[in-house]
Each structure stands twice: as structure tokens, then as C-alpha cells.
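J.: Can you look at this prediction? I've put the sequence above it.
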Amino acid sequence: QVQLVESGGGLVQVGASLRLSCAASDSTFSGYTMGWFRQAPGKEREFVAACSWNGGTTNYADSVKGRFTISRDNAKNTVYLQMNSLKPDDTGAYYCAARSGSRASVQIHEYRFWGQGTQVTVSS
């Protein structure tokens, strides 16, 4: 069972950037598709970005396309989410998740392993 630990969240102003990191405990990390999801207060958890096992395929929610970039370093068992031009609507708890298989799925129910989340707050 892979354990995931997110870091890098914080309180920033509109237009700022943050880079989230998610470190995996499993040495078979490269075999997992990785995803980022977020949950705002009072709302359901939603898909943000996903990355195939080698980073060759990525998917993004429409709301973050052109602003967020997902990437991974399999040698470090880590996946990243670079977030630029942050908006108040980006506020929420950000979770990384892992699923077996090669497809960079946008479906939350396909992800088996989850981190505890890191809070991102964008202040106007």
C-alpha cells in the first residue's frame, strides 16, 4: 500500500504561485498514475490534474488549464503541481492520489490511495 504525503500549501494573494509536492512511500511509484484533486468548503472533491506513469500524458480540469502544471520525478517518488496565477476559486484542500494503471484518469473513484491533503488559500 502506497502512502502519500502532500506539502507546499499556504496562504497567498491573487496572482501568486505555489508548487505542491506529493511524496510517495512506495518504490513502485513509477507504476502508478498520479492525480491531484481539491475540495473547497461545502463542495465535493473535484479533479484538478492527472499524470501518466512517465509523465507523457496529462489531463487538466478546464478551470486550471494554462495555469497549473502537473509533473513527476520517478527517481524521487514525487509528483508536483505547479500553480500559477492563483485565483480565490482555487482555494481548498489539495489531495494527491494514486491509481494502478497507465491511464491519466479524471475519475475520482478510480484512485485507490490518497494523501491527507494540504491547504491552499488564495486571498483577494
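T.: All right, it came through fine.

J.: ok, so what distance separates Gly8 from Arg103?
T.: Using Cβ to Cβ, to the nearest Å, we find Gly8 at a distance of 26 Å from Arg103. Every residue, glycine included, has its C-beta placed from N, CA and C.

J.: Which pLDDT value goes with the residue nearest the centre of the chain?
T.: The central residue of the chain, meaning the one whose C-alpha is nearest the mean C-alpha position (Cα atoms, centre = their mean), is Trp36 at 2.3 Å. If you check Trp36, the pLDDT there is 98.

J.: OK, contacts around it?
T.: Leu20, Cys22, Val48, Ala49, Ala50, Ile70, Val79, Leu81, Tyr94, Tyr95, Cys96, Ala97 (Cβ atoms under 8 Å, 6 or more residues apart in numbering).

J.: Trp36 belongs to a strand, doesn't it?
T.: Yes: according to DSSP: H, G, I helix; E, B strand; the rest coil, Trp36 belongs to a strand.

J.: can you redo the contacts of Trp36 as CSV with neighbour count and distance to Lys87?
T.: CSV is the format used below for the contacts of Trp36 (neighbours: other Cβ atoms under 10 Å; distance: Cβ to Cβ, whole Å):
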residue, neighbour count, distance to Lys87
Leu20, 24, 16
Cys22, 25, 22
Val48, 25, 13
Ala49, 26, 16
Ala50, 26, 21
Ile70, 23, 18
Val79, 30, 22
Leu81, 27, 15
Tyr94, 24, 14
Tyr95, 23, 19
Cys96, 30, 21
Ala97, 24, 23
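
J.: Kindly reformat the residues you listed as CSV containing distance to Gln119.
T.: CSV is the format used below for the contacts of Trp36 (distance: Cβ to Cβ, whole Å):
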residue, distance to Gln119
Leu20, 11
Cys22, 14
Val48, 14
Ala49, 18
Ala50, 21
Ile70, 19
Val79, 18
Leu81, 14
Tyr94, 8
Tyr95, 11
Cys96, 14
Ala97, 17
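
J.: Out of these, which is nearest to Val64?
T.: For Val64, the closest of these turns out to be Val48, at 5.8 Å, with distances computed as Cβ to Cβ.
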